[in-house]
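Undergrad: model the following, please.
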Amino acid sequence: MARDRELPPPLEMMCLNALWELGEGNVEDVRTVVGRTRPLAYTTVLTLLDRLSQRNAVSRRKEGRGFRYQATVERDKLRNLALGQFLDNHFGGAKEQLVAFLERLLMPETEPEIPEDSEALAHLTAAAGSATES
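TA: Next comes the predicted model:
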């Protein structure tokens with residue numbers, strides 16, 4: 001892509017995802033894949049693919065009266081770029097902060113230990129009951 005720091009807008013990204021899935025395809029092929037989640041007009045997909053072609057994110061070759069498109073940018077390259085921008089914008093570029101955030105988000109909350117001793121359990125239950133009576 002022309003600018004290394006620029007991510008494609010969402011609709012262009014959908015077309016790129018379709019091309020990565022297909023390997024290569026014409027406008028209708030891309031439209032069919034994109035249409036699973038968001039129906040778009042043929043001319044819209046054509047415009048999006050043309051923009052991607054102008055920015056060298058896809059290549060195209062003549063086939064009959066139309067073109068066949070293929071992604072020229074690697075999926076992992078865009079993922080790295082997107083993740084880098086996400087880190088910069090939301091975590092000040094600190095991977096450790098992202099990891100800590102994900103651990104808090106994904107780790108189930110630990111439950112408080114319940115004493116195995118029934119006498120201790122009765123004591124805790126009684127204490128809780130008297131606290132609610134106050």
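
Undergrad: in the protein, which spans are helices?
TA: Across the chain, reading from the start of the chain, the helices by DSSP state H fall at 10-22, 27-34, 42-54, 75-91, 95-106, 118-133.

Undergrad: and those, which one is worst for confidence?
TA: When those are compared on mean pLDDT, helix 118-133 scores lowest, with a mean of 56.

Undergrad: tally of neighbours for Val33?
TA: Here the count is done by other Cβ atoms under 10 Å, and Val33 has 18 residues near it. Using the backbone N, CA and C atoms, a C-beta is placed for each residue, glycine as well.

Undergrad: skipping its backbone neighbours, what lies nearest it in space?
TA: Ala18 (3.7 Å; Cβ to Cβ, 6 or more residues apart in numbering).

Undergrad: can I assume that neighbour is in contact with Arg36?
TA: No - look at Ala18 against Arg36 with Cβ atoms under 8 Å: they stay out of range, at 9.0 Å.

Undergrad: for Gly92, see how far away Leu48 is.
TA: Plainly put, Leu48 is 33 Å away from Gly92 if you go by Cβ to Cβ, to the nearest Å.

Undergrad: out of these two, which sits in the busier spot?
TA: When Leu48 is set against Gly92 and neighbours are counted by other Cβ under 10 Å, the residue ahead is Leu48, at 24 against 9.
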